[in-house]
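Student: sharing a model prediction with you, sequence too.
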Amino acid sequence: MDAAEYDNIAALELEHWYYSGKRQFVREWIERVRPPRASDVLLDCGAGTGQFAKEMESACRVVVLDDHEEALRMLRKRFRAEQVLSLAGDRVPLRDGSIEYVTALDVLEHVPDDAAVVKGFHRLLKPGGLAVVTVPASMALWSDWDVALHHFRRYRRAQLRALFPETEWDIVYVNYTNVLVYPLVWAVRKWRGLQKKPATNGTPARTEDKVPAPWLNRLLKAQFTLLAHWRFPFPFGVSLLLVARRR
């Protein structure tokens, strides 16, 4: 991502319903499927500003990984030096089977070879270790937002699940999230694509860069987190969530 996008996220993520809601339900799934112990290690891949990893420090040991210098700069301010990793070539500098959790929250869409990244998750996790992944869904929602964040793709459920073959993973949960707002998001992004209205800083004006009114922010977060636990196979959504256990 561009440096300005990290600043945008840092300014929004504590309050914005999407970022705070995502952190909440990912932690809830971790605690539900494999409650962490203080000695367990969680690797947050593509940690960005490090907010999710910082919140997980109360439950287990955390290590953060990123390959963007702007993110690494932020991470080094929030974590000890030994907790911050950068890629060694295309390899994470950790031993095989050495950790209990891997999280990749809106990360796989940023890499050309997402299958190779998931194979790396399998290498790093101990048997029974947990991977939790979120990604943007539906190419029908492709917009300037995806371009600004340097996305390669948005996913279908079957496409995401195929990255985690049954010979190597037990799929605990995979489903669309952010379901109720899908029609509104589709309409806003299509309208914005037609308008192409610039903001004062020269970048496109985006709804995603604003925290809604407090009552609306609470409502949006509530529907987002609630439906991220439903077993009903939703036919669409703005995002996808996958929870998988390493065989």
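Tutor: Sure thing, it's come through. Numbers count the residues shown, from 1 in each chain.

Student: use CA for all of it now, contacts and neighbours both
Tutor: Noted.

Student: for the helix or strand bottoming out on mean pLDDT in the chain, packing partners?
Tutor: Across the helices and strands of the chain, mean confidence by mean pLDDT, DSSP states H and E is lowest for helix 3-12: a mean of 74. Packing contacts for helix 3-12, counted by 3 or more Cα pairs under 8 Å, 6 or more residues apart in numbering; DSSP states H and E, involve helix 69-78.

Student: and with 10 Å instead?
Tutor: The contact analysis (3 or more Cα pairs under 10 Å, 6 or more residues apart in numbering; DSSP states H and E) places helix 3-12 against helix 17-33, helix 69-78.

Student: lowest-confidence stretch among these?
Tutor: Here the helices and strands packed on helix 3-12 differ in mean pLDDT, and the lowest is helix 69-78 at a mean of 94.

Student: can I get that helix in CSV, CA atoms only?
Tutor: What follows is helix 69-78 as a C-alpha-only set of coordinates in CSV (Å, rounded to 0.1, in the frame of the first residue of the first chain):
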residue,chain,number,x,y,z
GLU,A,69,8.8,-0.1,5.1
GLU,A,70,6.0,2.2,6.3
ALA,A,71,4.4,-0.6,8.2
LEU,A,72,7.7,-1.8,9.6
ARG,A,73,8.3,1.8,10.8
MET,A,74,5.0,1.8,12.7
LEU,A,75,5.5,-1.7,14.1
ARG,A,76,9.0,-1.0,15.4
LYS,A,77,7.4,1.8,17.5
ARG,A,78,4.8,-0.5,19.0
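
Student: neighbouring contacts of it?
Tutor: For helix 69-78, contacts defined as Cα atoms under 10 Å, 6 or more residues apart in numbering pick out 1-7, 10, 46-51, 53-54, 64-66, 81-86.
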